[in-house]
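In: below are the sequence and a predicted model; questions follow.
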Amino acid sequence: MSCKQASTYKTSQQLAFSLVELIVVMVILGMLAGLVAVRTRGYLISSKQNAAKTEIANLVKAVETFYADQSRYPTTDEGINILLAPTDSWPDGFLNKAPLDPWKNPYEYVSPGSSEPYEIICLGADGREGGEGENLDFTSESLGGEDGRQ
């Protein structure tokens, strides 16, 4: 091998990455992608929970408007769907559509509530009573009383 050939071979070898270097870079990129996915999931969960709280507050306002108009709260059997029905003073109803929580489950309405005249309940991601994290339940009573504000 001539001197010129040896230097060409050596230069081309120095410009390439070794398999170990490529694997290390891929592992680092995988770890970063996993970290981003975990943080994004946390933001998604909290945004759905905030949307549920806001929707409960809107439902509380509609129920209170129903009470002001009808001088009574809806019964448990009537539920939230009574708020869709037109009245003489509200021809479009108190709500324009039956709301679903961010996990596509209907809100529950109970009258009387545990400490208020009624209670509006979102059962979280699992759709069952109780739970933590993503499955945490929200009620109109736990959000700060009759008007749903915190």
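Out: Cool, the structure landed.
In: longest single helix anywhere in this structure?
Out: helix 19-70 (DSSP state H).
In: how near is the closest residue in space to residue 92 that isn't next to it in sequence to residue 50?
Out: Closest residue to residue 92 apart from its sequence neighbours, by Cβ to Cβ, 6 or more residues apart in numbering: residue 86 at 6.4 Å. All C-beta atoms are positioned from the backbone trio N, CA, C, and that covers glycine. Computed as Cβ to Cβ, to the nearest Å, the residue 86 to residue 50 distance reads 31 Å.
In: any low-confidence regions in this structure?
Out: 1-14, 144-150 (pLDDT under 70).
In: contacts only, for the most centrally placed residue in it.
Out: Taking Cα atoms, centre = their mean, the centroid of the chain lies closest to residue 48, which sits 1.3 Å from it. Applying Cβ atoms under 8 Å, 6 or more residues apart in numbering, we find residue 48 in contact with 102-103, 125, 134.
In: could you give the number of residues near residue 67?
Out: For residue 67, the neighbour count with other Cβ atoms under 10 Å is 15.
In: same check on the one 5 residues further on?
Out: Residue 72 sits with 11 neighbouring residues when counted by other Cβ under 10 Å.
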